[in-house]
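>>> structure, please.
(chains A and B)
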Number of protein chains: 2
Amino acid sequence: MPKPVPTQQLISDLLEGDRLALARAISRVEDDAAEAARIVRAVFAHTGRAHLIGVTGAPGTGKSTLVSALVESYRASGVTVGVLAVDPTSPFSGGALLGDRVRMTGHSGDAGVFIRSMATRRGTGGLAKASADAMLLLDAAGFDRILVETVGAGQAEIEIASVADTVVVVEAPGLGDEVQAIKAGLLEIADVFAVNKADRKGAARTVAALEMMLETGGAAAQTIFHHGQRMETGAATSETEAGDGWSIPVLETVAVSGGGVDELRDALERHRAWLGESGARTAREGRRLDHMLQTLVQAEFLARMERTLSPALRRDLVERMQRRETDPYSAAADSMKKLSP
Amino acid sequence: MPKPVPTQQLISDLLEGDRLALARAISRVEDDAAEAARIVRAVFAHTGRAHLIGVTGAPGTGKSTLVSALVESYRASGVTVGVLAVDPTSPFSGGALLGDRVRMTGHSGDAGVFIRSMATRRGTGGLAKASADAMLLLDAAGFDRILVETVGAGQAEIEIASVADTVVVVEAPGLGDEVQAIKAGLLEIADVFAVNKADRKGAARTVAALEMMLETGGAAAQTIFHHGQRMETGAATSETEAGDGWSIPVLETVAVSGGGVDELRDALERHRAWLGESGARTAREGRRLDHMLQTLVQAEFLARMERTLSPALRRDLVERMQRRETDPYSAAADSMKKLSP
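Numbers count the residues shown, from 1 in each chain, chains lettered A, B, ... in the order given. All right, here's what the predicted structure looks like:
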């Protein structure tokens, strides 16, 4: 077996944009909490340049195909793109499936594209933490745009998408509901809507439903809720986000043929420009870092708890409770006194 | 406004079986962490006598009606019954809805029955903690049997049911799937199956599907998984549960007419006897208390985290991260150093 590359070497290679080093660094960050800390600390000063784009939507909307088409459009315009496909339902990560996908989408051999899937790992604090770490690594490795595609529709995946600079919510006609995102709780986080599969029957109705929601009663409420929610997750950030100045566009795309994809890219670039001019970019970065800080502190607390409440201590306390010599609250208080520092 | 009853008075009234004191104590335990600790500490020595029965199943199986019919059957046999209806989807707790239910089911005015609903509360650490506390209070107040009905089908509600001495999983024919509990992840926790609405078409098929699962291939695997899962949640308990000696019965009930309900009660009483003879009762109590201990320690850790990572500290750290003077991992480590004791 070859000797593993030393962390320092990995970090300097990554900062020079070495793809293999980047791939290895993401794996280490996923697998090993101490390595994650070491690597992210070393590269953090080199982050903050990339535009982070979250892409999310209900299953069946064609998110993955749309992400591939976006990558192609971005490459044609000359910018580099990193992709994180976050799939909590898959036990695979970074392996064969993604290899297939890279080949399939024709991006293989293009040094300006890096695609990586993140799946649930044993390990170091969950998908949200691993995804946040990986975004920073892609940023430090010099990618201009980072697309974070979340496949699931749980709270965790919504969270991952919602900490991006720009959030694209993907809809599609004919999936039962007129607007699936309502059900999935995705509307509040959208900066841009893409109605994909727009060549299908019902696309116009889906677009109309979204536009009506944005224009009428829903509109004001939606915007307030949108910014309200963002503010809640980022209570520590002093800047407020301009509620006006950005009107959420609803775009039609046909990802399989590339239809409307350049227009979607343009909308993302316009949002990027708006973020910079309005100060919202700084505010969103602040919220993202605040969120990451809280995630890390929580993980550390839970690790301490595991150490504090050892199996032996638990066994002893349970036996004493069963003899009614103590009670759950007193036992919990006793455990807390033994808290490891 | 009348002065609130002092905690000591409430506790001594509760221990004498005073229903109003019991109701008030449950409310205080739900609302106030400090009161919960005080009350549970005081009554814990008087617990351990009641038989705790979890009743769960997919929506539409008629769980609530079955619980009412069971209460009636138990009362006819002379034992007293406390009921906790745990509904995380309801914002109501202990109020009008339950009042209606008590009247409807004809148990009102019977001092041998106490029915209480538990819903999501602002407050002291979630439904699982509040339910565990309330079970102890009902036990201390002298109820012979405690039925814990969980209405939701999320992990939390499965958890609440699974820490009972005996778990009844309710099925019903004609709900789409042959056995809904498979989907809901409930099979592993069942000690007794009740196929309710057994007068409906398809009941025989549901019974057959369950029995086949218990008898064939599934059977061994199921039992192993069952006990495997229980052991996992109770790693600190040294006693092991006899895997044999109890064969899971599948019973037909028609709750609305009371059909099969006495037989279900008999099965529960047989399981109760088996728990005592096999030592499983002690093992399950150990797991339950271990689970409660962990829940309390976790709640305390999270509360400390809130205190440690104050908004002011977060704001300061986020600003330093944005200036790239620090990074998320170093900021998290700094926060941990400030950990309040």
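>>> A:Arg28 contacts A:Leu14, doesn't it?
No. Using C-beta atoms under 8 Å, A:Arg28 is not in contact with A:Leu14; the gap is 10.6 Å. Yep, even glycine has a C-beta here, placed from its N, CA and C like the rest.
>>> what is in contact with the two at once?
Residues touching both A:Arg28 and A:Leu14 by C-beta atoms under 8 Å, 6 or more residues apart in numbering or on different chains: A:Ile39.
>>> who has more neighbours, the two?
A:Leu14 (26 against 21; other C-beta atoms under 10 Å in any protein chain shown).
>>> wait, the more buried one touches A:Ala23, no?
No. Between A:Leu14 and A:Ala23 there is no contact under C-beta under 8 Å: 9.4 Å.
>>> contact partners for the spatially closest residue to A:Val79 that is not a sequence neighbour?
Leaving aside its sequence neighbours, A:Val79 sits nearest to A:Asp144 (C-beta to C-beta, 6 or more residues apart in numbering or on different chains; 4.1 Å). Going by C-beta under 8 Å, 6+ apart, A:Asp144 touches A:Arg49, A:Ala50, A:His51, A:Tyr74, A:Val79, A:Thr80, A:Val81.
>>> point out where chain A drops to low pLDDT.
Chain A contains residues with pLDDT under 70 at A:1, A:88-108, A:120-125, A:152-156, A:176-185, A:216-244, A:339-341.
>>> report the buried residues of the top helix by length along it.
In chain A, taking DSSP state H as the definition, the longest helix is helix A:280-308. Buried residues in helix A:280-308, counted by 16 or more other C-beta atoms under 10 Å in any protein chain shown: A:280-301, A:304-305, A:308.
>>> so which of these reach chain B?
The subset of those within reach of chain B, by C-beta under 8 Å from any C-beta of the partner chain, is A:282, A:285-286, A:289-290, A:292-294, A:296-298, A:300-301, A:304-305, A:308.
>>> look up phi and psi at the residue nearest to A:Val79.
When read as degrees, to the nearest 10, the backbone of A:Asp144 gives phi -80, psi -40.
>>> quick check: the gap between it and chain B.
19 Å (C-beta to the nearest C-beta, to the nearest Å).
>>> ditto for A:Glu215
The value you get for A:Glu215 to chain B, if C-beta to the nearest C-beta is used, is 32 Å.
>>> could you give the number of residues near that residue?
For A:Glu215, using other C-beta under 10 Å, the count is 11.
>>> which helix or strand contains A:Ile39?
Here A:Ile39 is covered by helix A:33-43, with elements defined by DSSP states H and E.
>>> could you check the angle that helix makes with helix A:280-308?
150 degrees (axes from the mean of the first three to the mean of the last three C-alpha atoms, to 10 degrees).
>>> tell me which other helices or strands helix A:33-43 touches.
helix A:7-15, helix A:19-31, helix A:126-140, helix B:328-337 (3 or more C-beta pairs under 8 Å, 6 or more residues apart in numbering or on different chains; DSSP states H and E).
>>> hmm, the shortest one touching chain B?
No. Helix A:7-15 does not reach chain B (C-beta under 8 Å from any C-beta); its nearest approach is 12.9 Å.
>>> show me the contact partners of that helix.
Contacts for helix A:7-15 (C-beta under 8 Å, 6+ apart): A:5, A:20-22, A:24-25, A:28, A:35, A:38-39, A:42-43, A:46, A:137, A:140-141.
>>> any of these buried? List them.
A:21-22, A:24-25, A:28, A:35, A:38-39, A:42-43, A:46, A:137, A:140-141.
>>> CSV for those, including distance to B:Gly126?
Below are the buried ones among the contacts of helix A:7-15 laid out as CSV (distance: C-beta to C-beta, whole Å):
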residue, distance to B:Gly126
A:Ala21, 43
A:Leu22, 40
A:Arg24, 40
A:Ala25, 37
A:Arg28, 35
A:Glu35, 34
A:Arg38, 35
A:Ile39, 35
A:Ala42, 39
A:Val43, 38
A:His46, 41
A:Leu137, 35
A:Ala140, 39
A:Ala141, 41
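>>> for the stretch 151-300 of chain A, which segments are assigned as strands?
In the stretch 151-300 of chain A, the strands defined using DSSP state E, counting those that start in this stretch lie at A:166-171, A:192-195, A:250-252.
>>> around A:Pro328, count how many other residues there are.
Residues near A:Pro328, counting by other C-beta under 10 Å, number 28.
>>> doesn't B:Val43 make contact with it?
No. Using C-beta under 8 Å, A:Pro328 makes no contact with B:Val43, being 11.4 Å away.
>>> tell me the spacing between A:Asp191 and chain B.
A:Asp191 is 21 Å from chain B, by C-beta to the nearest C-beta.
>>> quick check, that residue in contact with A:Arg272.
No. In this structure, A:Asp191 is not within contact of A:Arg272 by C-beta under 8 Å, at 10.1 Å.
>>> which residue is nearest the middle of chain A?
By C-alpha atoms, centre = their mean, the mean C-alpha position of chain A lies nearest to A:Ile160, the distance being 3.2 Å.
>>> how long is stretch A:167-175 end to end?
End-to-end span of stretch A:167-175 (C-alpha to C-alpha, to the nearest Å): 21 Å.
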